[in-house]
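> kindly generate the corresponding structure for this input.
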Amino acid sequence: MNDLAPLLTPEGRALLDEVRGTAPADELAVATRLRREHPAALVSAALGQARLRQRAVAKFGAGDAERMFFTPDGVEQSTRASVAAYRAVRLKAMGVTSVADLCCGIGGDAIALARAGIRVLAVDRDPLTAAAARANADALGLADLIDVREADVTEVDTAAYDAVFVDPARRGGRGRIFDPEAYSPPLSWAVRAALKAPHAALKVAPGIPHEAVPAQAEAEWISDGGDVKEAVLWFGTAPGAVRATLLPGPRTLLGRGLPDPEVRSVGRYLYEPDGAVIRAHLVAEVAEEVEGGLVDPTIAYVTSDALLVTPYATAYEITDRLPFNVKKLKALLREREVGILTVKKRGSAVEPEELRRKALPKPQGPHSATVFLTRVAGAPTMLIGAPARAVTGAGPS
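As a prediction, the model looks like this:
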């Protein structure tokens with residue numbers, strides 16, 4: 001699929017409506033039937049677009065995904081709608097009325113910005129990608145606010161815009177790119193572009209090393225539904241600030257420059273910080289909220305004798321602590337009549353599925369349990385428990 005134009009014709013749009021929701025197992029039969037009345041290439045393109053739309057529902061929701069146009073890379077690399085909407089709201093709150101969206105892809109961020117009432121220049125150098133962004137602006141009734149331009153972003157003048165948003169390509173022929181200077185365009189270029197504008201946001205991989213964050217930037221790590229989605233470098237806000245934001249919500253934890261928590265013995269409760277909190281290096285802030293410490297100096301599990309409310313970590317009540325031993329775990333699970341076992345790990349080389357298969361070969365019993373494979377004071381350890389339910393105190397929210 002290297003040309004969207006045929007799908008934008010009345011015949012193409014009618015075909016898209018007809019193949020909507022086609023199951024993979026039915027594609028051959030549907031294609032055979034439709035090729036009797038339509039060009040084979042157009043039928044193939046419509047079915048391909050239908051598959052992409054089905055994949056895009058997870059990011060954009062069915063209402064938008066069924067109207068939008070995608071490329072394979074566009075589905076894979078575009079921002080989740082909830083994350084883009086959060087970022088657009090934050091820019092709007094800064095007083096931003098216009099944004100130069102550089103490396104716009106199929107237009108996911110441009111759509112969110114336009115829905116926030118912000119005028120957008122959306123730029124991408126790939127002709128098919130730019131065509132998809134233009135088609136999406138039109139399909140969602142946002143063409144008056146989104147001007148799509150096919151161009152090299154390094155040659156675009158952004159002086160007329162309140163803010164710059166850059167989403168560099170972080171995938172190459174060999175997969176994910178981890179070196180920020182290997183992004184396309186490189187992070188150093190994106191930073192220079194950001195510093196020219198009153199406000200800017202640079203989308204980067206959540207694994208970006210903290211030492212690679214420019215001194216002029218605020219760094220924010222964002223998770224959605226518990227999954228870390230991205231990091232954003234903000235300019236024109238609070239240089240040096242670090243935050244973790246959890247969606248839906250949003251709930252934002254600001255770094256306070258706390259020292260690393262002390263290591264303490266395993267208490268009644270174990271707190272598993274959200275991934276964005278861990279990526280942002282804000283485990284100390286969570287430990288302070290729950291009056292806890294670390295189970296090991298190298299492990300991001302917090303333990304405490306208090307059960308305190310925090311949106312930034314999930315609390316588990318620990319019932320047993322064992323040295324790593326599959327036979328002992330198997331016997332304990334059988335004794336407790338555990339039929340459902342959740343395995344989590346941090347600081348362990350054991351694969352959760354492998355342990356689950358060995359420790360619970362024949363699930364039986366009405367109870368469930370969670371086992372944490374980790375290190376406690378340097379020793380491989382299994383902590384067994386379950387999600388904490390009763391609240392014995394109240395903490396920050």
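
> for the stretch 251-397 of the chain, just list every one of the helices.
Assigned by DSSP state H, counting those that start in this stretch, the helices in the stretch 251-397 of the chain fall at 275-279, 283-289, 326-335, 352-359.

> thought residue 247 was touching residue 222?
Yes. With contacts counted by C-beta atoms under 8 Å, residue 247 reaches residue 222, the gap being 6.7 Å. Every C-beta, even on glycine, is put in place using the N, C-alpha and C of the backbone.

> re earlier: any chance of a markdown table for the helices of the stretch 251-397 of the chain, columns distance to residue 19, mean pLDDT and mean neighbour count?
Listed next are the helices of the stretch 251-397 of the chain as a markdown table, based on distance: least, C-beta to C-beta, whole Å; pLDDT from 0 to 100; neighbours: other C-beta atoms under 10 Å:
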| stretch | distance to residue 19 | mean pLDDT | mean neighbour count |
| --- | --- | --- | --- |
| helix 275-279 | 37 | 97 | 24 |
| helix 283-289 | 48 | 97 | 22 |
| helix 326-335 | 48 | 94 | 15 |
| helix 352-359 | 36 | 93 | 15 |
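
> re the thing from before, residue 247 and residue 222 - which one has more neighbours?
The neighbour comparison of residue 247 against residue 222 (other C-beta atoms under 10 Å) goes to residue 222, with 29 against 19.

> now do the contacts for the more buried one.
83, 86, 228, 229, 230, 231, 232, 244, 245, 246, 247, 276 (C-beta atoms under 8 Å, 6 or more residues apart in numbering).

> possible to save the residues you listed as TSV with distance to residue 209 and secondary structure?
Shown next, in TSV, are the contacts of residue 222 (distance: C-beta to C-beta, whole Å; DSSP: H, G, I helix; E, B strand; the rest coil):
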residue	distance to residue 209	secondary structure
83	21	helix
86	24	helix
228	15	strand
229	18	strand
230	15	strand
231	11	strand
232	15	strand
244	16	strand
245	20	strand
246	22	strand
247	24	strand
276	16	helix
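
> follow-up on the earlier one: residues that sit against both of residue 247 and residue 222, list them.
What both residue 247 and residue 222 touch, as defined by C-beta under 8 Å, 6+ apart, is the set 83, 86.

> residue 319 - nearest residue in space that isn't next to it in sequence?
residue 385 (5.2 Å; C-beta to C-beta, 6 or more residues apart in numbering).

> these two touch, right, the one you found and residue 315?
No. Residue 385 is beyond contact range of residue 315, at 9.6 Å (criterion: C-beta under 8 Å).

> look up phi and psi at residue 66.
Main-chain dihedrals, residue 66, degrees, to the nearest 10: phi -70, psi -10.

> quick check: closest non-adjacent residue to it.
residue 53 (5.8 Å).

> mean confidence (pLDDT) on the top helix by length along the chain, please.
Secondary structure of the chain per DSSP state H: the longest helix is helix 40-65. Averaging pLDDT along helix 40-65 gives 95.

> now do stretch 207-226
Mean predicted lDDT for stretch 207-226 stands at 95.

> neighbour count: residue 385 and residue 315, which is higher?
Neighbours were counted for residue 385 and for residue 315 using other C-beta under 10 Å; residue 315 has more, 23 against 19.

> residue contacts, that one?
By C-beta under 8 Å, 6+ apart, the neighbours of residue 315 are 269, 270, 271, 290, 307, 387, 388.

> what's the burial count for the last one?
Which is residue 388. So residue 388, with other C-beta under 10 Å, has 17 neighbours.

> got it, and the first one?
Close neighbours of residue 269, defined as other C-beta under 10 Å, add up to 21.

> touching stretch 370-389 from outside, list them.
Here stretch 370-389 has contacts from 263, 266, 269-270, 295-296, 298-299, 301, 307, 314-325, 329, 332, 341-348, 350, 352, 355, 359, 368-369, using C-beta under 8 Å, 6+ apart.

> pull out the buried members of the residues you listed.
263, 266, 269-270, 295-296, 299, 301, 307, 314-316, 318, 324, 329, 332, 341, 343-344, 346-348, 355, 359, 369 (16 or more other C-beta atoms under 10 Å).

> before we move on, the earlier item: now the longest helix of the chain: buried residues?
Buried-residue list, helix 40-65, by 16+ other C-beta under 10 Å: 42-43, 45-54, 56, 59-60, 64-65.
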